[in-house]
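Undergrad: kindly return the folded structure for what I paste below:
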Amino acid sequence: MNEADFIAALRSLPLHPGARGLMDDCAVLAIGGETLVLTHDMMVEGTHFRPDADMADVAWKLIATNLSDLAAKGAEPVGVLLGHMLGQEDARFLKGLHEALAAFGTPLLGGDTVAGAGTRALGLTAIGRATHTPVPSRSGAQPGDGVWLTGPVGRAMLGFEGSPEHRQAFDRPVPRLVEGRVLAPYVTAMMDVSDGLLLDAFRMAEASGVTLALDPLAIPCADPARAEACMRWGDDYELLFTAPPAARLPTRAYKIGLVTPRAWAPLLLGETPLSSPDSLGYRHG
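TA: Got it, this is the predicted structure:
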């Protein structure tokens, strides 16, 4: 069973309305006068980080990837719960954890620590407070909207490959928390780019029941000579969003396409229809 099959099977279970049908990266819970946003991500040795990775960077990235999901909801972090598997360089992990929590103004709420043999796995639950309601989702894109991106894609790919200029983008990404909060009142749909721009755009189109027509020449890429690789690689944590034509956006962003009524393919890259998510980005299984 691959990731998509497993998530599809989960949808047959009793779901809370806040789960949004498991079509989003976060759960949204209205409690009293507040709306909470909750997300959980994991990192596994050998898949998300190398066995020889600096554990301080691993801790930073574990925090940043979860907070990026909150950013896509325009949420302000409240705190995190850590699931930690003991192993080598735990002192370095704690150092990176402290640095990330301090940098993003996010306190630790608690969690669980275990010891075990085999491949190391780490998890984090991030809790945020919505700053705007309705909380943005993947599913609100409307025909006529523009498709926008907050920054270039491909920097993490180049950093992974060893480029000194882009190494920080891979090791210590920065979630677009400020941009997410100021954009939330203006967007019709929003998500972060974690698994590749093309795959995440495909997911937004599917959730919204529309087609996203992307202009490949308008997409900012860290290496224009390898533009398609930049669009597919992932780990960039920029925000992908849609907004009405009249929206006056409060932050810098790049217009990369248009939302059109649903055609037979959810995604167009120039004149090329993309009808399957296979090979568009990173998928588990």
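Undergrad: which residues of the stretch 51-200 of the chain fall in strands?
TA: 75-85, 108-114, 121-130, 146-149, 189-192 (DSSP state E, counting those that start in this stretch).
Undergrad: which secondary structure elements does the third one sit against?
TA: Same thing as strand 121-130. Applying 3 or more CB pairs under 8 Å, 6 or more residues apart in numbering; DSSP states H and E, one finds that strand 121-130 contacts strand 34-44, helix 55-71, strand 75-85, strand 108-114. No exception for glycine: its C-beta is placed from N, CA and C like everyone else's.
Undergrad: repeat for the longest one
TA: In this structure, strand 75-85 makes packing contacts with strand 34-44, helix 55-71, helix 90-103, strand 108-114, strand 121-130, helix 177-183, judged by 3+ CB pairs under 8 Å, 6+ apart.
Undergrad: rewinding a little: mean neighbour count and mean pLDDT added to the strands of the stretch 51-200 of the chain, as TSV?
TA: Shown next, in TSV, are the strands of the stretch 51-200 of the chain (neighbours: other CB atoms under 10 Å; pLDDT from 0 to 100):
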stretch	mean neighbour count	mean pLDDT
strand 75-85	20	98
strand 108-114	11	97
strand 121-130	21	97
strand 146-149	22	98
strand 189-192	26	98
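Undergrad: nearest to residue 261, out of the ones you listed?
TA: When those are compared by CB to CB, strand 146-149 sits nearest residue 261, at 14.2 Å.
Undergrad: please enumerate residues in contact with the closest one?
TA: 141, 193, 197, 201, 212-214, 219-220, 238-245, 247, 249, 253-259 (CB atoms under 8 Å, 6 or more residues apart in numbering).
Undergrad: that one pairs with which strands?
TA: Using DSSP bridges, strand 146-149 pairs in its sheet with strand 239-243 (antiparallel), strand 254-261 (antiparallel).
Undergrad: other residues contacting the shortest one?
TA: Read that as strand 239-243. 71-72, 136, 140-142, 145-150, 176, 179-180, 183, 186-193, 197, 200-201, 204, 208, 212, 249, 253, 259.
Undergrad: so what's the closest residue to residue 80 other than its chain neighbours up against?
TA: Take residue 80 and drop its neighbours on the chain: the residue closest to it by CB to CB, 6 or more residues apart in numbering is residue 126, 5.0 Å away. Going by CB under 8 Å, 6+ apart, residue 126 touches 38-40, 63, 66-67, 69-70, 77, 79-80, 106.
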